[in-house]
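> I'd like to go over a predicted model; first the sequence, then the structure.
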Number of protein chains: 2
Amino acid sequence: MATEIERKFLVNDKFSSALASDSERITQGYLSSAPERSVRIRIKGKNGFLTVKGPVNETGTSRFEWEKVIPVPEALELLDLCEPGAIDKTRFLVPAGPHTYEVDVFHGDNDGLIVAEVELRREDEDFEKPDWLAEEVTGDKRYYNSQLARKPFKDWD
Amino acid sequence: MATEIERKFLVNDKFSSALASDSERITQGYLSSAPERSVRIRIKGKNGFLTVKGPVNETGTSRFEWEKVIPVPEALELLDLCEPGAIDKTRFLVPAGPHTYEVDVFHGDNDGLIVAEVELRREDEDFEKPDWLAEEVTGDKRYYNSQLARKPFKDWD
């Protein structure tokens, strides 16, 4: 089990998918969306993944993560078992200095939401903030994908 | 994902661990105890397991099951993340004709509970019923291990 350290931002209208070096479609669902022990089934490209995430730390930045690659046919069967509310998004990879932002453009019930994440090796690691970054939302549970599955962006006030 | 078909019984005082051909200690917990999509972490002997089970069918006998062997150190870390209420039991394997009963003698908060399960290939398959079998409890959710983790035998009325 590794520790995932990441910071999360909204983006402004300066963001364009033309900034991306690569993109991929992601479909995922949750066998359990409990934030303290979520169990995610994801299909990304030619691979399936089962991912367990633990509770976030007090800064909202770090989280235990355990992941296994699984065959896509098995991931599809497990997706059928998941809680209602699958997540469908396109992930754009946007280089910024030594880091790469993962910018998720959501579809379906979360259409209109775009979230950028940067993964760090240490909580206090410096990273470039491109001018298309807007408000930081690290640690805001509403933006957890597990919570977007339960309460999608279209139902927000 | 395979289908698990099994019938479950209580045992009477004719049961003895001396009937068993083999036994092993099992420790398990649940990342999610929801009966329609439970996610179990188990340590049995030298292996860890992550097992997803789907909802039971209308007879309470069949259930989708998906399982991956995982290293014990990873299973231990995942057990730490599980919902409160780990299950600790000794499983005795008791041959009966062409089948083998798995008889689980529970410890800790489920001390006093003994449950025998036989796995079948078809719902209508015949199987021997030894004289140490008592009431059938197939499909009774109280006896699901996921529910025994939430509401252990010591707290039953």
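Noted; the coordinates are in hand.
> and the residue of chain A nearest chain B?
Across chain A, no residue is closer to chain B than A:Ser32, which sits at 3.6 Å (Cβ to the nearest Cβ). Any C-beta I mention is one placed from the backbone N, CA and C, and that applies to glycine too.
> Okay, that residue and A:Lys151: tell me how far apart.
Distance of A:Ser32 to A:Lys151, given as Cβ to Cβ, to the nearest Å: 16 Å.
> more crowded one of the two?
A direct count of neighbours by other Cβ atoms under 10 Å in any protein chain shown for A:Ser32 and A:Lys151 places A:Ser32 higher, at 23 against 13.
> can you pull the contacts of that one?
Residues touching A:Ser32, when contacts are defined by Cβ atoms under 8 Å, 6 or more residues apart in numbering or on different chains, comprise A:38-39, A:83, B:31-32, B:34, B:37, B:39.
> please redo it, this time with the cut-off set to 10 Å
Under the criterion of Cβ atoms under 10 Å, 6 or more residues apart in numbering or on different chains, the contact partners of A:Ser32 comprise A:38-40, A:52, A:82-83, A:146, B:30-34, B:37-39, B:83.
> does A:Ala75 sit in a helix or strand, and which one?
If you go by DSSP states H and E, A:Ala75 is part of helix A:72-81.
> That helix: which residues count as buried?
Of the residues in helix A:72-81, those scored as buried under the neighbour-count criterion (16 or more other Cβ atoms under 10 Å in any protein chain shown) are A:74-75, A:77-79, A:81.
> Briefly note if stretch A:138-156 comes near chain B.
No: applying Cβ under 10 Å from any Cβ of the partner chain, one finds that stretch A:138-156 is not in contact with chain B, the shortest distance being 11.8 Å.
> Tell me the buried residues in that stretch?
For stretch A:138-156, burial by neighbour count (16+ other Cβ under 10 Å) applies to A:139, A:143-149, A:152-153.
> ok, so of these, who is nearest B:Ile5?
The shortest approach to B:Ile5 among the buried residues of stretch A:138-156 belongs to A:Ala149, at 31.2 Å (Cβ to Cβ).
> residue contacts, the residue found closest to A:Asp109 once you drop the neighbours it is linked to in the chain?
The shortest distance from A:Asp109 to any residue other than its chain neighbours is 3.5 Å, reached at A:Pro152 (Cβ to Cβ, 6 or more residues apart in numbering or on different chains). For A:Pro152, the contacting residues are A:85, A:87, A:106, A:108-111, A:113, taking Cβ under 10 Å, 6+ apart as the criterion.
> Give me the phi and psi angles of A:Pro152.
Phi and psi for A:Pro152, reported as degrees, to the nearest 10, are phi -70, psi 160.
> list the helices and strands the helix or strand that contains A:Glu4 packs on?
Under the criterion DSSP H and E, the helix or strand holding A:Glu4 is strand A:2-11. Contact here means 3 or more Cβ pairs under 10 Å, 6 or more residues apart in numbering or on different chains; DSSP states H and E; on that basis strand A:2-11 packs against strand A:47-56, strand A:62-70, strand A:99-106, strand A:114-120, strand A:133-136.
> how far is the helix or strand following the shortest one from where the chain is centred?
Yep, that's strand A:133-136 we're talking about. Under the assignment DSSP H and E, the closest C-terminal helix or strand after strand A:133-136 is helix A:145-150. The chain centroid and the centroid of helix A:145-150 are separated by 10 Å under Cα atoms, centre = their mean, to the nearest Å.
> rewinding a little: partner strands of the strand holding A:Glu4, with direction?
With DSSP bridges as the criterion, the sheet partners recorded for strand A:2-11 are strand A:62-70 (antiparallel), strand A:114-120 (antiparallel), strand A:133-136 (antiparallel).
> can you list the weak-confidence ranges in chain A?
A:1 (pLDDT under 70).
> Name the nearest residue to the most centrally placed residue in it, ignoring sequence neighbours.
The structure's chain A has its C-alpha centroid closest to A:Asn145; by Cα atoms, centre = their mean the separation is 5.9 Å. With Cβ to Cβ, 6+ apart as the criterion, A:Asn145 has its nearest non-adjacent residue at 5.3 Å, and that residue is A:Ile87.
> From what I see, that neighbour and A:Phe106 are in contact.
Yes: the pair formed by A:Ile87 and A:Phe106 meets the contact definition of Cβ atoms under 10 Å, at 7.3 Å.
> Mutual contacts of the two, please.
Here A:Ile87 and A:Phe106 share the contacting residues A:26, A:145, A:148, A:152, scored by Cβ under 10 Å, 6+ apart.
> and A:Val69, what does it touch?
With contact taken as Cβ under 10 Å, 6+ apart, A:Val69 is in contact with A:47-50, A:75.
> just the residues you listed that are near chain B?
The subset of the contacts of A:Val69 within reach of chain B, by Cβ under 10 Å from any Cβ, is A:Leu50.
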